[in-house]
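Colleague: Requesting a structural model of the entry that follows:
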Amino acid sequence: MQFSLPGDDAWREGKLVLENGSLYFRSKEESKLFFIPFLRKGMKLDYFIPFLRKGKKMDFVIPLRSIRDVIREKTNTLTIKHTGNAKLPIQEPGSKSELLLSAYLAADEHVLNEVERELVLRMDASNFSVYFTHTGEGDALPRGKNVALEKGLLKIVNEALWIIGRDSHKRIAWDDIVNVEQKKRNSYKGTEYGALSVEYFGEGSTNTSVISTLVITKGNTTGALISHVRELLKAYKIEKKLPEMESQILRMMYAGALDLSPSALAATAKAFGLGEEELKNHLEHLSELGIIDLANQTLRKKGIKYMISLSKNGTSGG
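Modeller: Numbering: from 1, shown residues only. Model prediction:
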C-alpha cells in the first residue's frame with residue numbers, strides 16, 4: 001500500500017494497521033522530518049504535528065475519533081480528513097472553522113473499498129437506523145407495495161452524509177444535496193414510520209440530473225433527522241433571495257434560452273430592459289456568488305439548487 005501523510009511531497013510504501021481505536025501508518029522508510037508547522041490563516045497560531053522521529057521507523061497515528069470525513073477520489077485514492085493534535089481556540093457550536101489535515105491512501109480498488117467502509121463505520125458521527133432505497137435519476141420516488149427497502153445506517157458529519165447498507169456505502173456531500181423533503185407518515189403494526197426524500201446530484205453530473213434516495217425511519221427519529229439535515233444544509237444554500245432581475249436571468253439560463261455571447265449581449269440586455277453594462281454587472285455578481293459559470297454560460301450547482309428551490313416553493317425570486 002502507498003500513502004502520503006501531512007507534510008509529505010511524495011508517496012511512501014508501508015502498511016496500514018487499525019487497532020486500539022487508531023489508524024497506524026507504518027512506513028518502510030525513515031522519516032526526514034521531526035515536526036510539521038502550520039500557520040492558521042487570520043490567527044496567530046503555530047500548529048505543530050508530532051511526526052516520525054528522525055532516523056527511526058515509527059508510526060504516524062490518526063485516532064479514529066479525530067477522523068472527520070473519508071472521501072473516495074476518482075484517481076483511485078482515499079482521502080482521510082482528520083484533526084491534528086494542537087488545541088485550537090474555543091469555537092462556537094457548529095463552527096466549520098476546525099483545521100483539518102489530509103492523509104492519502106493508494107491501493108487496489110477492493111482494498112480501498114474495505115478501508116473506506118471500515119473507517120466510515122467507526123467514524124464518530126450522528127447515527128440513525130434507517131431503511132432506504134436508491135431510486136436512480138429523474139427525481140422520481142418509487143410507488144407501490146413492491147419497493148425493495150434495505151436496512152442500514154445513516155451517518156451525518158459536517159461535510160457529508162453516509163448511507164450504509166449491508167454490502168454498500170454511499171457518500172453524499174452536502175454541496176451536492178439539492179433538497180430534503182419529508183414525506184407522508186404511516187403506521188405499521190402499531191409503529192409509526194416516516195419517510196424522507198434526499199435529492200442530490202449524481203457523480204459527475206453537469207446538468208440538472210438529480211438522483212433520489214428514499215429514507216424511512218421509526219417514530220420521532222424522522223423529525224430529529226430532518227431537523228439535523230436541514231440545519232447543516234443552510235451553510236450550502238443561498239441565504240437570501242436574489243433580486244428579481246437576477247432571478248429572471250437565472251431562469252433563462254436554467255432553461256437554456258439565454259445567449260451571452262459578445263455579439264448577442266446587447267440584444268440580450270435589451271430583452272431584459274437593461275443596458276449592456278447593467279447586464280454585465282448582474283452577471284458578474286452572480287459569478288462572484290458562485291452561482292453561474294460565466295465563461296461557459298452555465299449554472300453551477302449552487303445556481304441549479306437555487307432554481308429548484310424556487311420551483312418547489314412556487315416562487316420566482318425577488
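
Colleague: Quick check: closest non-adjacent residue to the spatially most central residue of the chain.
Modeller: Centroid-nearest residue in the chain, with Cα atoms, centre = their mean: residue 173, separated by 1.8 Å. In space, residue 173 comes closest to residue 160 once its chain neighbours are excluded; the distance is 4.7 Å by Cβ to Cβ, 6 or more residues apart in numbering. Every C-beta, even on glycine, is put in place using the N, C-alpha and C of the backbone.

Colleague: Contacts only, for that neighbour.
Modeller: Contacts for residue 160 (Cβ atoms under 8 Å, 6 or more residues apart in numbering) come out as 69, 171, 172, 173, 174.

Colleague: Please pick the buried ones from the residues you listed.
Modeller: Among the contacts of residue 160, those classed as buried by 16 or more other Cβ atoms under 10 Å are 69, 171, 172, 174.

Colleague: separation between the second one and residue 104?
Modeller: Read it as residue 171. From residue 171 across to residue 104, the span is 16 Å (Cβ to Cβ, to the nearest Å).

Colleague: returning to what we had before: pLDDT score for the residue nearest to residue 173?
Modeller: At residue 160, the model reports a pLDDT of 90.

Colleague: got the phi/psi numbers for it?
Modeller: phi -170, psi 170 (degrees, to the nearest 10).

Colleague: what does residue 257 give?
Modeller: Phi and psi for residue 257, reported as degrees, to the nearest 10, are phi -120, psi 30.

Colleague: and it, how many neighbours does it have?
Modeller: 8 (other Cβ atoms under 10 Å).

Colleague: hmm, back to that, which member of the contacts of residue 160 is positioned nearest residue 190?
Modeller: Relative to residue 190, the closest of the contacts of residue 160 is residue 172; by Cβ to Cβ it sits at 32.2 Å.

Colleague: which secondary structure elements does the helix or strand harbouring the closest one contact?
Modeller: Secondary structure from DSSP states H and E places residue 172 in strand 169-173. For strand 169-173, the packing partners by 3 or more Cβ pairs under 8 Å, 6 or more residues apart in numbering; DSSP states H and E come out as strand 67-72, helix 109-122, strand 160-164.
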